[in-house]
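Trainee: show me how the following folds:
(2 chains)
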Protein chains: 2
Amino acid sequence: MMSKKSIQPARLVAAVTLGTAFAFSGSVLAEDGLGDYRDRFEPLPHFPPIPSHNSLTPEKVELGNMLFFEPRISSSGVISCATCHNPALGWSDRIPRATGHDGQIGERNTPTVLNSGFLGAQFWDGREPDLEGQALGPIEADIEMAMDLDMALERLEEFELYQEKFAETYPDDESPINKENLAQALASFQRTLNTPNSPFDRYLHGDMDALNEQEKRGMQAFVDTGCIACHSGPALTDSNFWAIQVPGSTDVGRFEVTGDEADMYKFRTPTLRNVGVTYPYMNNGATQTLEEAVAIMGQEMLNREFDEEMIADITAFLHTLTGEMPDFEVPALP
Amino acid sequence: MMSKKSIQPARLVAAVTLGTAFAFSGSVLAEDGLGDYRDRFEPLPHFPPIPSHNSLTPEKVELGNMLFFEPRISSSGVISCATCHNPALGWSDRIPRATGHDGQIGERNTPTVLNSGFLGAQFWDGREPDLEGQALGPIEADIEMAMDLDMALERLEEFELYQEKFAETYPDDESPINKENLAQALASFQRTLNTPNSPFDRYLHGDMDALNEQEKRGMQAFVDTGCIACHSGPALTDSNFWAIQVPGSTDVGRFEVTGDEADMYKFRTPTLRNVGVTYPYMNNGATQTLEEAVAIMGQEMLNREFDEEMIADITAFLHTLTGEMPDFEVPALP
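Mentor: Numbering: from 1, shown residues only, chains lettered A, B, ... in the order given. Next up is the predicted model:
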């Protein structure tokens, strides 16, 4: 369903070009004896796959950027996507569970939108397959932005600037301010929020000194203990669902979506990209530190007690997954 | 109490230098026959007066910038100064009345923080004389951020980065994370949020073509009808209090602060800087358009009915008061 088209907005070409500076050719690679470990991982590309039904255009990205920061598509008029996916806080909120309309607190921790285009399933329970499906959910959710979608579109219609921007972005549409285009623009903007060139990516590209000895030990432990079984691929997630009940959680997870007993307590494997700056952790956000999270995952998913040293090593490795934060504009809204 | 010290953060020197490009010398000024009108106004300086008890340092500005975007000094953990003073919305919120903690709606329209360092009284009712006094109010207000100040300070203490930044900013203090320093940093950041070089400022500096004919007629009407009696000085406000009851408002205004009958229904004259991008209007935010606001002010304050043409002219003039939006960073918070 996803095609790997390489259409890039013009303004982002510089960043892409810069990225290639790290792509040493294989023949000149230095070695640290860990080639077999490195081969298990994939560096993060500068862009995720772009679906053929929503080509990535600079107009969509710019419009999506505006809409992402637009609080008037919430019923209170003060909550935007950026309220919980706050660029100052790793594009998340750094509180245990999402707080939305009228201060209501949801059941789950806000996932970062960084690199979300690399995920094969959206939301903790995977109830949407892609960002187009995801984008409108929080606008409508009673405990998030609590907004009727038709009313959100009406509010946008009130502004000449949005009429112009939607018309420019979707020139073939007679009524371009519609749900599908709103979702497409938001999804397109989110596909630009990627964090390449982390120390780990530079290491995978051949810069042997980008990780220190402890971080390399952590990488080895990550492979040897089996973390990599689920946390694999460019975003360090298989986008698959696994049963887990972390301390304090009674959330039934994917069962709510499928009604299938086999899906009880299952959650999508979260990305580990930028995990060092997207605390707290777990579906209920009850775990404050990365060390604690590593220990819990060892116990719950791998059935083993990591000793302190291993926890420290894996944690050090996980911090190397923090990449360069993406460029974006705080838009001038109408 | 205010001294006009000219200490400028290094990063802002470029902007200040640029500004002088518009300062034509008097002898080479072009003329449009409106010199007497121009002389009634003052262009906006790049910086407001800096009080001697809170010198403006780059460290305070940077720390204040972080704190302005910091939601964890609210009790919900998701409301920051920037929620209602949103840089995407003219550093205000563009809804009638402020919406804060648990979705509670206050009685008054959120004033923009742009150019607030030029005001001689803070809040609609002037209950604080300066930005240092203003800064902590919304953090504590039950219907805004609803946070106990001591708890806000404790939350900041939890982060090493804040410990470092406060220590660097206030090197002489043994416990630098305190209320006074929090207020000073926020006030310092706000003093950098100015909007010079509006078309009107360029006109006052000698660029006769910066205003068109309608805008100049609007300026003349603004003087001739008496708007300028209260809307004077660089921020187009006398920072004084005047009784007004706009449609739909029962707010007693400054009476709440002083208990003096003479202050019933009195509100501080709002700045007109950037009034074109800080709708809706009036203390209760019930007036959506600038045209409507001009008509109401004519009726209520000047006791006259402006005709349509005059309303259009004055409105056109008011739009020339929109200046260059200030530079700021979306900070990377800990």
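Trainee: avg pLDDT for stretch A:186-195?
Mentor: Mean pLDDT, computed over stretch A:186-195, is 98.
Trainee: mind saving the C-alpha coords of it as CSV?
Mentor: Provided in CSV are the C-alpha atoms of stretch A:186-195 (Å, rounded to 0.1, in the frame of the first residue of the first chain):
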residue,chain,number,x,y,z
LEU,A,186,-1.8,17.0,8.8
ALA,A,187,-0.3,13.7,7.8
SER,A,188,2.0,15.4,5.3
PHE,A,189,3.3,17.8,7.9
GLN,A,190,3.8,14.9,10.3
ARG,A,191,5.9,13.0,7.7
THR,A,192,8.4,15.8,7.8
LEU,A,193,8.9,15.5,11.6
ASN,A,194,11.8,13.1,11.5
THR,A,195,15.0,13.0,13.6
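Trainee: so where's the stretch 51-200 of chain A uncertain?
Mentor: Regions of the stretch 51-200 of chain A meeting the criterion pLDDT under 70 are absent.
Trainee: residues in contact with A:Pro79?
Mentor: Check again: residue A:79 is Ile, not Pro. A:71, A:100-101, A:144-145 (C-beta atoms under 8 Å, 6 or more residues apart in numbering or on different chains). Just so you know, the C-beta spots here come from the backbone N, C-alpha and C atoms, and that holds for glycine as well.
Trainee: could you rerun that using 6 Å?
Mentor: Each residue near A:Ile79 by C-beta atoms under 6 Å, 6 or more residues apart in numbering or on different chains is listed here: A:71, A:145.
Trainee: end to end, how far does stretch A:155-162 reach?
Mentor: 10 Å (C-alpha to C-alpha, to the nearest Å).
Trainee: where does the stretch 201-334 of chain A get nearest to chain B, residue-wise?
Mentor: Nearest residue of the stretch 201-334 of chain A to chain B (C-beta to the nearest C-beta) works out as A:Leu333 at 4.7 Å.
Trainee: grab the nearest non-local neighbour of that residue.
Mentor: Spatial nearest neighbour of A:Leu333, chain neighbours left out: B:Ala88 (4.7 Å); criterion: C-beta to C-beta, 6 or more residues apart in numbering or on different chains.
Trainee: same check on A:Val275?
Mentor: Closest residue to A:Val275 apart from its sequence neighbours, by C-beta to C-beta, 6+ apart: A:Leu318 at 5.2 Å.
Trainee: the one you found belongs to a helix?
Mentor: Yes - counting by DSSP: H, G, I helix; E, B strand; the rest coil, A:Leu318 is located in a helix.
Trainee: residues near it, how many?
Mentor: A:Leu318 has 26 neighbours, counted by other C-beta atoms under 10 Å in any protein chain shown.
Trainee: do I have it right that it meets A:Asn274?
Mentor: No - A:Leu318 is beyond contact range of A:Asn274, at 9.6 Å (criterion: C-beta atoms under 6 Å).
Trainee: how about the helices in the stretch 1-150 of chain A?
Mentor: A:13-20, A:35-38, A:58-68, A:81-84, A:131-135, A:137-140, A:149-157 (DSSP state H, counting those that start in this stretch).
Trainee: quick one: the second one to chain centroid distance?
Mentor: Put plainly, it is helix A:35-38. 26 Å (C-alpha atoms, centre = their mean, to the nearest Å).
Trainee: now do the fifth one
Mentor: Going by C-alpha atoms, centre = their mean, the spacing between the C-alpha centre of helix A:131-135 and its chain's C-alpha centre is 12 Å.
Trainee: could you list every helix and strand in contact with it?
Mentor: On a contact count with 3 or more C-beta pairs under 6 Å, 6 or more residues apart in numbering or on different chains; DSSP states H and E, helix A:131-135 meets helix A:179-190.
Trainee: just the C-alpha atoms of the helix or strand just after the helix it packs on, please, in CSV.
Mentor: Using DSSP states H and E, the helix or strand that follows helix A:179-190 in sequence is helix A:199-204. Extracted in CSV, the C-alpha atoms of helix A:199-204 (Å, rounded to 0.1, in the frame of the first residue of the first chain):
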residue,chain,number,x,y,z
PRO,A,199,24.7,9.4,17.2
PHE,A,200,23.4,5.9,16.5
ASP,A,201,22.6,6.7,12.9
ARG,A,202,26.1,8.3,12.4
TYR,A,203,27.5,5.1,13.9
LEU,A,204,25.6,2.9,11.5
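Trainee: other SSEs contacting the helix or strand following helix A:199-204?
Mentor: Counting by DSSP H and E, the element after helix A:199-204 in chain order, helix or strand, is helix A:213-224. The helices and strands touching helix A:213-224, judged by 3+ C-beta pairs under 6 Å, 6+ apart, are helix A:35-38, helix A:308-319.
Trainee: could you say which of the ones you listed is packed most deeply?
Mentor: Greatest average neighbour count among those goes to helix A:308-319 (a mean of 20), per mean count of other C-beta atoms under 10 Å in any protein chain shown.
Trainee: mind listing residues that contact that helix?
Mentor: The contact list for helix A:308-319 (C-beta under 6 Å, 6+ apart) reads A:214-215, A:217-219, A:221-222, A:275-276, A:290-291, A:294-295.
Trainee: and the angle for that helix with helix A:213-224?
Mentor: On the basis of axes from the mean of the first three to the mean of the last three C-alpha atoms, to 10 degrees, helix A:308-319 is oriented at 100 degrees to helix A:213-224.
Trainee: so how far is helix A:308-319 off the chain centroid?
Mentor: Using C-alpha atoms, centre = their mean, the offset of helix A:308-319 from its chain centre is 22 Å.
Trainee: kindly report the same for stretch A:104-113.
Mentor: Centroid separation between stretch A:104-113 and its chain, computed with C-alpha atoms, centre = their mean, is 13 Å.
Trainee: over to stretch A:203-217?
Mentor: Worked out by C-alpha atoms, centre = their mean, stretch A:203-217 lies 24 Å from the chain centre.
Trainee: what about that stretch, how long is it end to end?
Mentor: Stretch A:203-217 has an end-to-end distance of 14 Å (criterion: C-alpha to C-alpha).
Trainee: sort out which residues of that stretch are buried, please.
Mentor: In terms of neighbour count (16 or more other C-beta atoms under 10 Å in any protein chain shown), stretch A:203-217 has its buried residues at A:203-206, A:210-211, A:215-217.
Trainee: same list, these, but as a markdown table with pLDDT please.
Mentor: Below are the buried residues of stretch A:203-217 laid out as a markdown table (pLDDT from 0 to 100):
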| residue | pLDDT |
| --- | --- |
| A:Tyr203 | 97 |
| A:Leu204 | 97 |
| A:His205 | 96 |
| A:Gly206 | 94 |
| A:Ala210 | 98 |
| A:Leu211 | 98 |
| A:Glu215 | 98 |
| A:Lys216 | 98 |
| A:Arg217 | 98 |
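Trainee: now the residue sitting nearest the centre point of chain A: how far from B:Val78?
Mentor: For chain A, the residue sitting closest to the mean C-alpha position, by C-alpha atoms, centre = their mean, is A:Ser116 at 3.1 Å. Counting by C-beta to C-beta, to the nearest Å, the separation of A:Ser116 from B:Val78 is 20 Å.
Trainee: next one: A:Gly253
Mentor: According to C-beta to C-beta, A:Gly253 stands 24 Å off from B:Val78.
Trainee: over to A:Ser239?
Mentor: 28 Å.
Trainee: with A:Leu333 instead?
Mentor: Relative to B:Val78, A:Leu333 is positioned 20 Å away (C-beta to C-beta).
Trainee: which of those two has more residues huddled nearby?
Mentor: Neighbour comparison, A:Leu333 and B:Val78: the larger count goes to B:Val78, with 25 against 21 (by other C-beta under 10 Å).
Trainee: ok, now which ones touch the more buried one?
Mentor: Shown in contact with B:Val78 (C-beta under 6 Å, 6+ apart): A:99, B:71.
Trainee: quick check: nearest residue in space to A:Gly106, chain neighbours excluded?
Mentor: If the residues on either side of it in the chain are set aside, A:Gly106 comes closest to A:Ala98, at 4.3 Å by C-beta to C-beta, 6+ apart.
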